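Colleague: Predicted coordinates and the sequence they were generated for:
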Amino acid sequence: MISGSIIHNVHNAPSPPDCGDLYVETVSSTGLIESRKADIPFFDVDVDLAGTLRATGGGNIDEVSGDGVITGTIEATEGKITTIDLDDTQDIGTTTTNATITAKNGIDLIDCAALYADVTANANSGSGGVRRIITWVGPFLGSLDAEYVGEAGVPNWLNVRTDLGAVITSTDALEQRAFIGRSFLEDAEINLPSGGLQNVITINTQGNEDAVWEGTVTVGTTALTAPDYTTSNTSLGNGGVAMVEFDDPDLFRTGVQGTDCEPVHNSIVVLASTSPNDGLYEVTMRFYGYVDIDGSEPLTIAMSPFNNQWISDVTDEYQVELGDPVVVADNLVRELVISRIDEDPFPYGYKFTFTPTTDLQSDGTSIDYDIASDAYWFWISQPFDLNQNMVVDAPDIDVWLNDPSDLNGDNFTDQQDLEDLVEAVVNGG
């Protein structure tokens, strides 16, 4: 056991040697191991690091690993921490006392059973970030301050097995996905700059029926506090926050992000004219979380008139494809693109309703769940319905006479448009 101080001091050496690999059973709460100016290439903790492991003067800590626990402090005050990788059954910190992990130039990896710690990757006016944090058994409670989180090529920068109860602040955008295994706890925060949510944070990836979303994701000045938030994900950075909720244990409810859909959910599409050039050819249905297609019919598609006198299943007339990935390297998507098989525009004068089937599944979760989502719908108005009352009738003629427009798409506003309108009124559309 080390309860005093061990100092490796090479301040005056022109090319300071590192302090060598260190194998220690226990460092008590009063113990200190410090390397001044030189790196600590390897530190093995066999039982407990309750004291302080420190590199100063620009020295780095390359690797801390072992079968023990860490309840004290690890810091590279002017350098970088590359890896802290404990046995998958060992914690950093305790449920009552947070450990402290500090670096100026970043931290590549923290890997442990559970993480109870205050982590700073950009200390002392540094610009360091955190590439990846993994907990294999328990939560991440405490805090994290970093210039950035994640890095290109790292598939998911945060992978917490159970709950996230930490306050996380990143100066730069979140570009890599984050997985919270169970609950996003009360008082937990993820704070990002404006436009900085550029990938998806998924809550409850382990599929726990008792999981809750009580924390806050803040993007600029916009706070997201519930799974059905209405802020457009496009305005947040094209990422999103998805909560795995269940109607039953096998159905993952990730709602349609209606404000991000094109057309917007429950909206009326107003066509400029009857010309095919002004038609609607493609629909994009976006979800809060990642989705995938496993089968031939991920959606049922229904068409009905405005008065809902009848409903027709037109699924076989349309094709449904996955959209573009949120981040190309991840190849994970949260959107479906729907178009007609015959390449014609969607017929006007109808309501279209899109309902997920069991062929649409979650992606980026511990297993692939069938999606249980509310339906998405919109109306395409008839170009002759100028007053947007859902019927083509005599008042539409009055609207045209007061404000003539090109209704047939021939690039002229003339008598022919009026004649076409009158004929449509006579025929009821």
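Modeller: Arrived safely, thanks for sending.

Colleague: same for the longest helix seen in the chain, what does it pack against?
Modeller: When the chain is parsed with DSSP state H, its longest helix is helix 415-426. Counting contacts by 3 or more CB pairs under 8 Å, 6 or more residues apart in numbering; DSSP states H and E, helix 415-426 packs against helix 394-402. Where C-beta positions appear, they are placed from N, C-alpha and C, glycine not excepted.

Colleague: Scan this protein for its longest strand.
Modeller: Taking DSSP state E as the assignment, the strand of the chain that covers the most residues is strand 283-293.

Colleague: which element follows that strand toward the C-terminus?
Modeller: Downstream of strand 283-293, the first helix or strand assigned by DSSP states H and E is strand 299-305.

Colleague: on that earlier part again, distance from the chain centre to the longest strand of the chain, please.
Modeller: 12 Å (CA atoms, centre = their mean, to the nearest Å).

Colleague: Could you list the low-pLDDT ranges of the stretch 251-400 of the chain?
Modeller: Scanning the stretch 251-400 of the chain for pLDDT under 70 picks out 251-255, 307-308, 327-330, 366-367, 369-370, 372.

Colleague: where do the strands sit along it?
Modeller: Using DSSP state E, counting those that start in this stretch, the strands found in the stretch 251-400 of the chain span residues 251-253, 267-269, 283-293, 299-305, 312-313, 318-322, 333-340, 350-356, 360-362, 370-371, 376-380.

Colleague: and the chain, what are its domains?
Modeller: Annotated domains of the chain cover 5-255, 260-380, 394-426 [automatic domain parsing].

Colleague: Deepest in the core, which of these is it.
Modeller: domain 5-255 (a mean of 20; mean count of other CB atoms under 10 Å).

Colleague: Tell me the bridge partners for A55.
Modeller: On the basis of DSSP bridges, A55 is bridged to S35, A76.

Colleague: so it sits right up against I33, yeah?
Modeller: No. Using CB atoms under 8 Å, A55 is not in contact with I33; the gap is 9.6 Å.

Colleague: Identify the contacts common to these two.
Modeller: Applying CB atoms under 8 Å, 6 or more residues apart in numbering, one finds that A55 and I33 are jointly contacted by I40.

Colleague: that older thread, and of the domains of the chain, who's closest to N387?
Modeller: domain 394-426 (5.2 Å; CB to CB).

Colleague: Which pLDDT value belongs to H11?
Modeller: Per-residue pLDDT puts H11 at 63.

Colleague: my bad, should have said L22
Modeller: 77.
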